[in-house]
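[1] Starting from these lines, generate the structure:
(6 chains)
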Number of protein chains: 6
Amino acid sequence: MMVERVKTGVPGFDEIVGGIPKRNVVLLSGGPGTGKSIFSTQFLWNGLQMKESGIYVALEEHPVQVRINMRGFGWDVRQYEQEGKFAIVDVFTAGISEVAKREKYVVKDPDSVEELVDVLRTAINDISAGRVVVDSVSTLYLTRPSVARSVVLQLKKVLSGMGTTSILVSQVSMTERGFGGPGVEHAADGIVRLDLDEVNGELVRSLVIWKMSTSHSMKRHVFEITDKGIVVYPDKVFKYSR
Amino acid sequence: MMVERVKTGVPGFDEIVGGIPKRNVVLLSGGPGTGKSIFSTQFLWNGLQMKESGIYVALEEHPVQVRINMRGFGWDVRQYEQEGKFAIVDVFTAGISEVAKREKYVVKDPDSVEELVDVLRTAINDISAGRVVVDSVSTLYLTRPSVARSVVLQLKKVLSGMGTTSILVSQVSMTERGFGGPGVEHAADGIVRLDLDEVNGELVRSLVIWKMSTSHSMKRHVFEITDKGIVVYPDKVFKYSR
Amino acid sequence: MMVERVKTGVPGFDEIVGGIPKRNVVLLSGGPGTGKSIFSTQFLWNGLQMKESGIYVALEEHPVQVRINMRGFGWDVRQYEQEGKFAIVDVFTAGISEVAKREKYVVKDPDSVEELVDVLRTAINDISAGRVVVDSVSTLYLTRPSVARSVVLQLKKVLSGMGTTSILVSQVSMTERGFGGPGVEHAADGIVRLDLDEVNGELVRSLVIWKMSTSHSMKRHVFEITDKGIVVYPDKVFKYSR
Amino acid sequence: MMVERVKTGVPGFDEIVGGIPKRNVVLLSGGPGTGKSIFSTQFLWNGLQMKESGIYVALEEHPVQVRINMRGFGWDVRQYEQEGKFAIVDVFTAGISEVAKREKYVVKDPDSVEELVDVLRTAINDISAGRVVVDSVSTLYLTRPSVARSVVLQLKKVLSGMGTTSILVSQVSMTERGFGGPGVEHAADGIVRLDLDEVNGELVRSLVIWKMSTSHSMKRHVFEITDKGIVVYPDKVFKYSR
Amino acid sequence: MMVERVKTGVPGFDEIVGGIPKRNVVLLSGGPGTGKSIFSTQFLWNGLQMKESGIYVALEEHPVQVRINMRGFGWDVRQYEQEGKFAIVDVFTAGISEVAKREKYVVKDPDSVEELVDVLRTAINDISAGRVVVDSVSTLYLTRPSVARSVVLQLKKVLSGMGTTSILVSQVSMTERGFGGPGVEHAADGIVRLDLDEVNGELVRSLVIWKMSTSHSMKRHVFEITDKGIVVYPDKVFKYSR
Amino acid sequence: MMVERVKTGVPGFDEIVGGIPKRNVVLLSGGPGTGKSIFSTQFLWNGLQMKESGIYVALEEHPVQVRINMRGFGWDVRQYEQEGKFAIVDVFTAGISEVAKREKYVVKDPDSVEELVDVLRTAINDISAGRVVVDSVSTLYLTRPSVARSVVLQLKKVLSGMGTTSILVSQVSMTERGFGGPGVEHAADGIVRLDLDEVNGELVRSLVIWKMSTSHSMKRHVFEITDKGIVVYPDKVFKYSR
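    The predicted model follows:
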């Protein structure tokens, strides 16, 4: 049985995994500075180029800053927003600041997963979203680890149920080897880990596809952050003993 | 005294253990992405081919998704369900969604081990189940580790008591070396551990039979996930120092 | 001054320790699958062959299953039970099930160390027990680690006080290097540790006598689980750096 | 798109990062004795030389001592204070001592992040600050780790929102490898880590730019604390395996 | 200034430390099975041979068992007890059992350090004790670690204040590298650590004098437990990297 | 700008640091038996020889014992006490014992940092103290780690504010690599660490100056405890990988 795939458009990445199986929820896990937000917004921008609408749920950055950051890589989403093909769900400002009042999709209580799910559902319907990024899910349970699995499952139900292919960004501490805790790791359909390691005084970026509901590369691949976004090198394997 | 064995039908696996002793409860432990659910459903599917009815208790996935995932390996259980030879116990949806209403065996309160045991008992009786998979037991005590042993013992009493041979899936964190905690590890009749390790930038799958109430291979065997399910290589020993 | 010794009858074991000093309470510690229950029941069975009555306190397994497991090694205790030379104290079923009602020594409240001590005292008197196994003591304080030492001391007082030589099975997690916590480790007269280690992809069984109130082997000995029980190899030293 | 950069003026540092992107909030993380306060005040002093006003939020030292420490490196801020180009926000004395009464910007309740933000806002307005240092943010959540992320976000909103480029000093324990916890690490726009390591009986200072919203050196650079402040050696890479 | 020394009489030990400075309180720390009780009772027995009265505070063993254990090494204290030169303070039985009623010094509430200090004071006065052993102090704060330092200080005040030279036995877990926690370690005048290590499949006994208010050997010495007690080998250094 | 230095008088030490900057508060950190109290009292004694009055705050030892210990190294402070040039602040006896009643400076509630600060202030004034030792500060927050930083800051304010140069003794566990926790480590002006390490079966003493508000040796120096106190060897570097 053939599984339908969604291309990330990240150079080199689709080559090693063959795209993300449609409707799957992928955990994108990594420490600070590993490139999680860049990978995620690149996934959305590339979707727009392939005529797939997308939604970015902003929990870590001001929506204005998200747009600025994307523009820094040449990804200007303003026209797509006007055409109803791209939307930012603002869970960062709680709708208080003046700027935020201009945002269309706002979650007023950042602690309410229910409100987030409601707003997300509306946004997905409005723009017929095919791709969704939640950056980050960790924020939703940072101070309440016991609800982590339940939060991820609630998101998974609406995201997968409404037909979107999505990335949940999972922030782990610089020293943590896992992907965000057992409840979260097992609830996701796929896990991609971005790493930043110091080897002989030099920082090296690499990623590994730890889990995917389809066959995938079993190697750790070097990648770089360029001024056009992330580039994965399918042939450069990073041999590192942690 | 000869012990009656149940063949898993997983290529290579029965060769290294000689099947699972009947009525035993085996803990199938592993981190995310190690293939626990694939192994478990393969065990049930193979049972169906050998005229043994089976039950899958779904705590991590929507029953619909479970069927899709199995079909991905060519294991189409629909006819068996209609013939009353296979059943899914739905502890995932809590019976709320429309789709779920079509499920026959539903546990409405996912926190109630009592209700789970009741529904399970009915299902085992209805289809005269010889094999049961609970995927995963970890979910039942994720936020209440102190009840872990008691939960496993309750399940063990009904599963073993009703004559089924069963697999309890135990989710451990990617970094955890144990099998799910002392209470759980000692309560099971057998323990099989699935591992995914990174060696020189490459991911390797292996399994080890840590405990079985019968003689078994004392080696760590390499296995792969193919498009027809798991294949264990009895002659490929994975030498790895953790 | 000569100390009276009790022979375990486990092949090779008495050779390395010279038997367990009479009235001693030995902690038999090990992770899951290391062979603790086999060693313990072998100790009791061998006692019966030497005309010493014995008691097995079942906290982890159904008494019926204990008998089946023993029979698997050719140790059929039924006749000894009828002759009043062997008894199982059932702390597993709490006396609820039909089968359990047939058991003579039942502890109805598994959380009550007092009731356990009372029943145990009666059983020791009834059959003039020379050997007692409690499998496992860990269960008695799994969720209440602060009472561990007090539980072990209460047992030690009755067991040693009534003249029996006994084994307290201590379950430790697969990754734990100790013997069950400081309170327990120091309260026992002797400590035997059973280990299962993975070396170059192969599992190896070994044991070490860590403490005994008499001179003993200071080496780590390889042992095996055969279809006739445990066999220790006094001349095979397992050199392993943990 | 070109990003505007703020030069730190720390010899060698701007060479390896090209300055800090304007409006960014950089976490300067390090153990005791690594030179965090020296780097921070050097950043402010150099700003003054480039006609950029600056504010130092003192949570760890008496404002008087801060001025003395800076003077030790030849950085005499008194004239700049009189000209309204430099200010110290005193969160150390709580305004109680006589000396402190002479301070203009005082936070009376050191536990109130709200008061701190208010005073900081006033100070930034008064002197049109381009650079701000908070030394240290760790103090604000030392005994309340669960509020760490929220504190950093509140500061980030006012600092970035009012157009300043800032350094948040993050104190980590000597043995901690991270940067101050996941909540803090991910909230900052950039992370610079200062280290002090013992190698063969000798202490070595080095720094690494772990994260910056722009391209930066991927190497660990040796630095020294001289009597004129910190000097980074762009060509000296410190190869150290932690 | 010459410090008066108390000879332990343990063969080889006095050679490496020159005896314990009078009135000092020495922490004798070690894991299970390391020989702490043997060393302690040997210290008391040797005192008796040198005309110094001694007291053994029994918290871990029944006083009857303590006498049996000592006799096993040829140390029969009965005559000394009759002559009022040796006494056991019973903190083990709480004075309940028949046998215990024959004990002269009994602490009825084992949780009351005050009662222990009172009884101890009386006993020291009665027999003009020069040496005291408390086996173990750990028992006094096992479940209340926060009072550890205060307990040790209370004992130290009475023991040192009344002129005795004493050993406080500190039980540490098999895997613990410290001596019983910071509060305890720093409160003692001296620290002797007994170790049992596995090297290449063989157990080796060694001790190290970590702290003494006088000059002492700075080496780790091998020792053995013989049928006449502990023998330290001043010339056998155990080189072991933990 | 030249910083005024206070000579410790410890042979070899001033050579590697050039003395402690005046008014600085130095954390002297180390495990049990590393020589912290000897270093501290040597610092005070040498001050007396240089006409600088000194105060020793005794939290770990009876004042009488402190005097005896100092005399053991030939440091007899009695005359200096009579001349009002040296004082012991007794926070050990709480003023209860007869002997303690003879002490002039007594803190009755050892848990009250306020009372300690008051008594300390009086003592500093009375004898015009130039040097103060608090042995140990750890005792003040042993059971209340959350107040550690606040305690150290309160002491720092009075000690530095009244012009004294001081040493705060910080007790760490034998296995702890830090200096007493992040709150304490960052609050001190300087950090000196005393270590005792076992290398190939031999104990070696070394110290490292981890932090000082002035340039200092960046090496780990061997030192010894002689019968005249501590001697540091500036040319003996201890190369040790922890």
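[2] Quick check: which element contains the residue lying closest to residue A:181 once chain neighbours are set aside?
    Spatially, and ignoring its direct neighbours in sequence, residue A:181 is nearest to residue A:148 (5.6 Å; C-beta to C-beta, 6 or more residues apart in numbering or on different chains). Just so you know, the C-beta spots here come from the backbone N, C-alpha and C atoms, and that holds for glycine as well. Per DSSP states H and E, residue A:148 falls inside helix A:148-161.
[3] can you count the residues close to the residue of chain A at minimum distance from chain C?
    Across chain A, no residue is closer to chain C than residue A:177, which sits at 15.2 Å (C-beta to the nearest C-beta). Neighbour count of residue A:177, defined by other C-beta atoms under 10 Å in any protein chain shown: 12.
[4] What about it? Give its phi and psi, please.
    phi -90, psi -20 (degrees, to the nearest 10).
[5] So it sits against residue B:174, correct?
    Yes: at 6.7 Å, residue A:177 counts as touching residue B:174 under the criterion of C-beta atoms under 8 Å.
[6] where are the low-confidence patches of chain A?
    A:1-2, A:95-100, A:241-242 (pLDDT under 70).
[7] where along it do the strands fall?
    A:5-6, A:20-21, A:25-30, A:54-58, A:86-90, A:105-106, A:131-135, A:165-171, A:190-199, A:202-211, A:220-226, A:229-237 (DSSP state E).
[8] now those in a markdown table, with distance to chain F?
    Listed next are these as a markdown table, based on distance: least, C-beta to the nearest C-beta, whole Å:
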| stretch | distance to chain F |
| --- | --- |
| strand A:5-6 | 45 |
| strand A:20-21 | 41 |
| strand A:25-30 | 25 |
| strand A:54-58 | 32 |
| strand A:86-90 | 35 |
| strand A:105-106 | 38 |
| strand A:131-135 | 30 |
| strand A:165-171 | 22 |
| strand A:190-199 | 18 |
| strand A:202-211 | 22 |
| strand A:220-226 | 28 |
| strand A:229-237 | 30 |
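[9] how about these, which one is nearest chain E?
    strand A:190-199 (26.1 Å).
[10] Which strands or helices does the closest one pack on?
    In this structure, strand A:190-199 packs against strand A:25-30, strand A:202-211, with contacts taken as 3 or more C-beta pairs under 8 Å, 6 or more residues apart in numbering or on different chains; DSSP states H and E.
[11] Not counting its neighbours along the chain, what's nearest residue A:205?
    That would be residue A:223: by C-beta to C-beta, 6+ apart, it lies 5.2 Å from residue A:205.
[12] So what does residue A:9 have for phi and psi?
    phi 80, psi 0.
[13] Could you report the separation of it from residue A:85?
    Residue A:9 sits 15 Å away from residue A:85, going by C-beta to C-beta, to the nearest Å.
[14] try residue A:182
    Here residue A:182 is placed at a distance of 37 Å from residue A:85 (C-beta to C-beta).
[15] same check, this time on residue A:240
    From residue A:240 to residue A:85 the distance is 40 Å (C-beta to C-beta).
[16] If you count surrounding residues, which of these two has more?
    A side-by-side neighbour count of residue A:240 and residue A:85, using other C-beta under 10 Å, places residue A:85 first with 19 against 14.
[17] check contacts around the nearest residue to that one once chain neighbours are set aside.
    Distance criterion C-beta to C-beta, 6+ apart; nearest residue to residue A:85, sequence neighbours excluded, is residue A:53 at 4.6 Å. Residues in contact with residue A:53, defined by C-beta atoms under 8 Å, 6 or more residues apart in numbering or on different chains, are A:47, A:84-86, A:127-131.
[18] repeat that for 7 Å
    A:85-86, A:127-130 (C-beta atoms under 7 Å, 6 or more residues apart in numbering or on different chains).
[19] residues from chain A in reach of chain B?
    A:1, A:3, A:146, A:149, A:177-179, A:181-183, A:185-187, A:191, A:208, A:210-211, A:218-220, A:237-240 (C-beta under 7 Å from any C-beta of the partner chain).
[20] Now, of the residues you listed, which are buried?
    The neighbour count (16 or more other C-beta atoms under 10 Å in any protein chain shown) marks A:149, A:178-179, A:181-183, A:185-187, A:191, A:208, A:210-211, A:218-220, A:237-238 as buried among the residues of chain A next to chain B.
[21] check contacts around the residue in chain A positioned nearest to chain F.
    In chain A, the residue that lies nearest chain F is residue A:175 (15.3 Å; C-beta to the nearest C-beta). Contact analysis of residue A:175 by C-beta under 7 Å, 6+ apart lists D:177-178.
[22] Phi, psi for it please.
    phi -100, psi 0.
[23] next one: residue A:136
    Torsion angles at residue A:136 (phi, psi; degrees, to the nearest 10) stand at phi -120, psi 160.
[24] residue farthest from the centroid of chain A?
    residue A:200 (30.5 Å; C-alpha atoms, centre = their mean).
[25] Surely that one and residue D:237 touch.
    No: the pair formed by residue A:200 and residue D:237 falls short of the contact definition of C-beta atoms under 7 Å, at 8.0 Å.
[26] ok, and the closest non-adjacent residue to the residue of chain A found nearest chain D?
    As assessed by C-beta to the nearest C-beta, chain D sits closest to residue A:33 within chain A, at 2.8 Å. Using C-beta to C-beta, 6+ apart and skipping the chain neighbours, the partner closest in space to residue A:33 is residue D:211 (2.8 Å).
[27] check contacts around that neighbour.
    A:32-33, D:190-191.
[28] Looking at those residues, which one is closest to residue B:159?
    residue A:32 (45.0 Å; C-beta to C-beta).
[29] how far away is the residue lying closest to that closest one once chain neighbours are set aside from chain B?
    Closest residue to residue A:32 apart from its sequence neighbours, by C-beta to C-beta, 6+ apart: residue D:185 at 3.9 Å. Look at residue D:185 and chain B: by C-beta to the nearest C-beta, to the nearest Å, they are 19 Å apart.
[30] Tell me how far residue D:185 lies from residue E:59.
    To residue E:59, residue D:185 is 48 Å away according to C-beta to C-beta.
[31] got the contact list for the nearest residue to residue A:42 once chain neighbours are set aside?
    Nearest residue to residue A:42, sequence neighbours excluded (C-beta to C-beta, 6+ apart): residue A:229, at 4.4 Å. Residues counted as contacts of residue A:229 (C-beta under 7 Å, 6+ apart) are A:38, A:42, A:73.
[32] Any idea how many residues pack against the residue nearest to residue A:147 when sequence neighbours are not counted?
    The spatially closest residue to residue A:147, leaving aside those adjacent along the chain, is residue A:141, at 5.3 Å (C-beta to C-beta, 6+ apart). By other C-beta under 10 Å, 20 other residues sit near residue A:141.
[33] again, but for residue A:7
    A total of 15 residues lie near residue A:7 under the criterion other C-beta under 10 Å.
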